[in-house]
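Peer 1: Build me a model from this:
(2 chains, ligands or ions: 1)
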Amino acid sequence: MKVNSPLEVYKFLPQTNCGDCGEATCMAFASHMIDRSLKLEDCPPLLEDKFRKKYLKLAELLAPEIREVIIGTGEHAVSVGGDDILYRHQLTFFNQPALAVDVWDTMSEDELTERIKFINEYKKFYVGRFLKLDMVAIRSTSGDPDKFKQAVTIAAGNTELPLILCSLDPKVLKAGLEVVADRKPLLYAATKDNWQDVADLMMEYDVPLVLFSPDDLDTLKSLAATFLEMGREDLVLDPGTNPQGKPLRESFENFLMIRRAGIKEGQHEIAFPLLAVPMTAYLANDDPVSASYWETVLASVFTVRYGDIMILHSIEPYALLPEMHIRDTIYTDPRKPVKVDPKVYEVGSPDKDSPVFVTTNFALTYYTVESDLASNDIDCYLLATDTDGLGVEAAVAGGQMTGQKVSDEFKRIGFDFSEMTAHNTVILPGLAARLQGDMEDASGLKVKIGPPDSGRIPGWMEKNWPPE
Amino acid sequence: MAKKIKLSELGSLFNDMDVESLEGVTIEGDIELEMDTGGGFDPQLAYMLGHETAQIARHLINISRLLGYPVDQLFGSIAQGEVPGVTRPRQLLPSKFEVGRIEEWKNPIQEVILGATSSDGGTRKNTFTLGGENALPYYFDSPMPHRNHITMDVFDMPIGMAKAVKVNYEDVLESPAEWAKKVVNDFGADMVTIHLISTDPNIKDTSPREAAETVADVLQAVDVPIVIGGSGNPEKDPEVLEKAAEVAEGERVLLASASLNLDYERIAKAATDYGHVVLSWTQLEINAQKELNRKLMKQCGVKREDIIMDPTTAALGYGLDYAYTNMERIRLAGLMGDEELSFPMSSGTTNAWGAREAWMVGSPLKEDSDWGPREYRGPIWEIVTGLTLSLAGNDLFMMMHPGSVAVLKEITQSLHGSLERDAVDISDWVTAEV
Ligand code: SF4
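Peer 2: So this is what the prediction gives:
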């Protein structure tokens, strides 16, 4: 964005402090514009006719440096790009990279359907939600427009995820577009050789497009400038993902240079989302485990440094899990609170015979324990004791979690063991085992020590619950 | 409703809005476009007026839509996508890509040497230099003078570890010296870290003297530079590390670690007295890191070339976001001139094995999809944790799994530009049969 202080935004606001946006003042609203936590459209008066010029001006000033491109339609549509910063701590990155897994048109219908089902359904629980895959990339390995059309038809019929149509042959791309243009697939790709024909397709079907210029940023920029000239802003850039050696270093540098040009230098013509193809790992490794590992490595590198879409081949869980997690790691908003309210939570429907567990109010720890309990149908009480957002091990080491403090937390919250339980027993996490004596003295309760990892609570329960 | 917009006004509106594509376009004469259902706008006209005007027409339509004029009804499909008359360039517009370097990166990271050869009063076969960067790792602004290094963990007693790790060490668990040989000779470790965990009063309470003997054994067994780690017990570590430093005199080991919650002065003194490097360890807090480094330099007299930082490593999925951002901020601050933060960094990458994804047989949650075999999950967890921190500026990696070490070396050296590998043609990756 072209502004960096609330004052610069305030100038263009209605300045009535009417409060319709939910903020007390226009100035408060302005600071939400700068940190991008509210949208301009959240100020209703600004949308009135008389403010239209100011609204337009503000929209221009506040537009992110890297364009945002939308792929797909409806609730599964994916936005990519939209970033304003080069380093995570400066604000936060927006629109996490979309993970696209490939299928190809020489697969049998059964194979294709099965793979797409897997892509649709793969999920992993993490901090209160599921990590998932985002897109299906359909590759034309046959080069045959009819085969591609058939594969696209089957794919489209089996997933609501946005699609990427991959071929460098415009005839093949056209065959795919004839089936799914209305779902706004991403077209891959225009190159220096086929761009005229691909431009026709982009215009005719009005779909977003990838510009592919491996190892040649001058040509990539030329392509972008040319498509901009044609009035298209829904572009994604692929500068090439070399899988190994010095060419890999060059690809890495290309990602850095393009993003720096876009964000730091405001080079409008190259300020588009970037696409990486970690699956080139398979061109350099014959052994499937090595290829899958290396693909994960490449995906991680380009997730940290500026890739906005990843085209992946491996569907091994040992590749997908770290890929989904590193994406979450880099795109988690560093400004958002990572604590849950310190209180006693009910998991399932606990009664007087249910166990009472203790954990910390660090969101990650809490959600991990809570989901382990809920997923295994364990009815219980769970105290998220206030450790100022530290995990168990750190809080025990640092003194934020002591027997006295945990005991006081129960009192503060008003959780009376003699009233709520028939067993007068509390269970501390295994990593807080050394607090057992302390806790007994401070609380007068029976104190049991649970397993060091809450994933093992079900097994622990079999041996230890109910207490004798 | 019949509103009229003059193109000349439109031009100034665009100027105001910084619309680049209008720069250099001069509008001669005044063309009035009547925005009325009666329609004075003729797309054919735009076409005949040539390309630039057509561009303006397209902008006009977009702007008009923003201004609330019902252009979509007026022009139908024209306004949606293609504007007739937007001629396509016949050739790619020529363009040259250029980008500047970061001027703010003025301050090099301190170079620190680990190990000492006979010419420097030690017995190591070689030394390693860490640091010296003038840019973020692998950036084109300035070549990274030294590659990343890996030191592999050796413990002074058998410990619990993930199955995928343990299978590699079953034959050496009882002998730190053999263990050290194995990681250097078989697994390609640059260095060895001997962790004196048995000295913890809650474990075996091994005496500092006995622990020092273990260190001597390891120095005997391998000729690479070494790292000496305590047990993490803040009361016991200072005396353990003092004795260890003494027995390793002149070897320029890395003493791990000085921290704010123990007697860091004693550790610093042990390092200075016997010619070693101090690991300055803080927990994910950039200000604490500054404070400790300052105290080591000002209060304890440790020289700049004798300090490496460990700002703490959290595993992928378990706080790596903090660890990553903390390290990146530290490195950027150092490069931009903060002398209290411009030191090489070290990561306890082994912490990745604490993540349940690294060691558990499967997910404890029945809602999760299959986690697949853990033999493959563990090493990649360690790799991705290390790799992410390498991109934030970490120099030295403390690791455990030989497979992880091999892959981390491969990627960090590829990004460093020091690996020769066959070129692969990626221009036709789309059709690859894999
Ligand atoms: S709604 Fe708009 S005018 Fe009203 S207080 Fe918020 S920013 Fe100001």
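Peer 1: what is the rounded mean pLDDT of stretch A:286-306?
Peer 2: Mean pLDDT, stretch A:286-306: 97.
Peer 1: Checking it against chain B, do any of its residues make contact.
Peer 2: Yes: contact of stretch A:286-306 with chain B (Cβ under 8 Å from any Cβ of the partner chain) involves A:Val289, A:Ala291, A:Tyr293, A:Trp294, A:Thr296, A:Val297, A:Ser300, A:Val301, A:Val304, A:Arg305. For glycine as for every other residue, the C-beta is placed from the backbone atoms N, C-alpha and C.
Peer 1: Which of those ranks first by neighbour count?
Peer 2: Top of the residues of stretch A:286-306 next to chain B by neighbour number is A:Ser300, holding 29 neighbours under the definition other Cβ atoms under 10 Å in any protein chain shown.
Peer 1: about what we covered before: in helices, which of the residues of stretch A:286-306 next to chain B appear?
Peer 2: Among the residues of stretch A:286-306 next to chain B, the members found in helices (DSSP state H) are A:Val289, A:Ala291, A:Tyr293, A:Trp294, A:Thr296, A:Val297, A:Ser300, A:Val301, A:Val304.
Peer 1: who touches the fifth one in this structure?
Peer 2: Listed by Cβ atoms under 8 Å, 6 or more residues apart in numbering or on different chains, the contact set of A:Thr296 reads A:Pro278, A:Ser314, A:Tyr318, A:Ala319, A:Pro322, A:Glu323, B:Ile380, B:Ile383, B:Val384.
Peer 1: pretty sure the third one contacts B:Glu382?
Peer 2: Translated: A:Tyr318. No: counting by Cβ atoms under 8 Å, B:Glu382 is not a contact partner of A:Tyr318; they are 11.9 Å apart.
Peer 1: Quick one: the strands in the stretch 251-400 of chain A, in order.
Peer 2: A:275-276, A:309-312, A:344-347, A:356-360, A:380-385 (DSSP state E, counting those that start in this stretch).
Peer 1: What number of residues are in the vicinity of the residue in the stretch 351-468 of chain A positioned nearest to the ligand?
Peer 2: Nearest residue of the stretch 351-468 of chain A to the ligand: A:Ala363, at 30.2 Å (Cβ to the nearest ligand atom). Using other Cβ under 10 Å, A:Ala363 is surrounded by 17 other residues.
Peer 1: before we move on, what about the one 3 residues further on?
Peer 2: Neighbour count for A:Tyr366, taken as other Cβ under 10 Å: 26.
Peer 1: So is the longest helix along chain A next to chain B?
Peer 2: Longest among the helix segments of chain A by residue count, using DSSP H, is helix A:245-263. Yes: using Cβ under 8 Å from any Cβ, we find that helix A:245-263 touches chain B at A:Gly245, A:Lys246, A:Pro247, A:Leu248, A:Arg249, A:Phe252, A:Glu253, A:Leu256, A:Met257, A:Ile258, A:Arg260, A:Ala261.
Peer 1: Who's the closest spatial neighbour of the first one, skipping the chain neighbours?
Peer 2: When you say that, I think you mean A:Gly245. In this structure, A:Gly245 finds its nearest non-sequential neighbour in B:Arg421, 3.0 Å apart by Cβ to Cβ, 6 or more residues apart in numbering or on different chains.
Peer 1: quick one, what contacts the residue most central in space within chain A?
Peer 2: By Cα atoms, centre = their mean, chain A has its centre lying nearest to A:Gln96, at 4.2 Å. Taking Cβ under 8 Å, 6+ apart, we find A:Gln96 in contact with A:Arg327, A:Asp328, A:Ile330, A:Tyr331.
Peer 1: And A:Phe130, by the same measure?
Peer 2: Contacts for A:Phe130 (Cβ under 8 Å, 6+ apart) come out as A:Lys123, A:Lys124, B:Glu367.
Peer 1: What is the nearest of those residues to the ligand?
Peer 2: Nearest to the ligand among the contacts of A:Phe130 is A:Lys123, at 38.5 Å by Cβ to the nearest ligand atom.
Peer 1: what pairs with the residue nearest to that closest one when sequence neighbours are not counted across the strands?
Peer 2: Excluding its sequence neighbours, the residue lying closest to A:Lys123 (Cβ to Cβ, 6+ apart) is A:Phe130, at 4.3 Å. Beta bridges link A:Phe130 to A:Phe125 when assigned by DSSP bridges.
Peer 1: quick one, strands of the stretch 1-150 of chain A?
Peer 2: Assigned strands in the stretch 1-150 of chain A, in chain order: A:68-71, A:78-81, A:98-104, A:123-126, A:129-132, A:135-139 (criterion: DSSP E, counting those that start in this stretch).
Peer 1: tell me the domain boundaries of chain B?
Peer 2: Using automatic domain parsing, the domain ranges for chain B come out as B:47-81, B:112-416.
Peer 1: Name the spans of chain A whose pLDDT lies under the cut-off.
Peer 2: A:337 (pLDDT under 70).
Peer 1: switch the cut-off to 80
Peer 2: For chain A, applying pLDDT under 80 flags the ranges A:336-338.
Peer 1: do the stretch 301-434 of chain B as well
Peer 2: Residues of the stretch 301-434 of chain B that meet the cut-off, pLDDT under 80, do not exist.
Peer 1: Get me the contact residues on the stretch 251-400 of chain B for chain A.
Peer 2: So far as Cβ under 8 Å from any Cβ goes, the stretch 251-400 of chain B lies against chain A at B:283, B:316-321, B:324-325, B:328-329, B:332, B:356-357, B:360, B:363-373, B:376-377, B:379-381, B:383-384, B:387-388, B:391.
Peer 1: just the buried members of the residues you listed?
Peer 2: Among these, those scoring as buried are B:283, B:316-321, B:324-325, B:328-329, B:332, B:356-357, B:360, B:363-365, B:368-369, B:371-372, B:376-377, B:379-381, B:383-384, B:387-388, B:391 (criterion: 16 or more other Cβ atoms under 10 Å in any protein chain shown).
Peer 1: Among these, name the ones in helices.
Peer 2: B:320-321, B:324-325, B:328-329, B:332, B:356-357, B:376-377, B:379-381, B:383-384, B:387-388, B:391.
Peer 1: Could you tell me the model confidence score at B:Lys46?
Peer 2: For residue B:46 the amino acid is Ala, not Lys. On the pLDDT scale, B:Ala46 gets 41.
Peer 1: Same question for the one 10 residues further on.
Peer 2: For B:Ile56, the pLDDT comes out at 51.
Peer 1: B:Ala323 - how many residues pack around it?
Peer 2: Neighbours of B:Ala323 using other Cβ under 10 Å come to 26.
Peer 1: can I assume it is in contact with B:Ala314?
Peer 2: Yes: contact criterion Cβ under 8 Å: B:Ala323 and B:Ala314 qualify, at 4.5 Å.
Peer 1: CA atoms only: put stretch A:286-298 into CSV for me.
Peer 2: The C-alpha trace of stretch A:286-298 is given here as CSV (Å, rounded to 0.1, in the frame of the first residue of the first chain):
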residue,chain,number,x,y,z
ASP,A,286,14.3,-41.5,-9.6
ASP,A,287,13.7,-43.0,-6.2
PRO,A,288,10.2,-42.0,-5.1
VAL,A,289,11.0,-41.4,-1.4
SER,A,290,14.0,-39.2,-2.3
ALA,A,291,11.8,-37.3,-4.9
SER,A,292,9.0,-36.9,-2.3
TYR,A,293,11.5,-35.7,0.3
TRP,A,294,13.1,-33.2,-2.1
GLU,A,295,9.7,-31.9,-3.3
THR,A,296,8.9,-31.2,0.4
VAL,A,297,12.2,-29.4,0.8
LEU,A,298,11.5,-27.2,-2.3
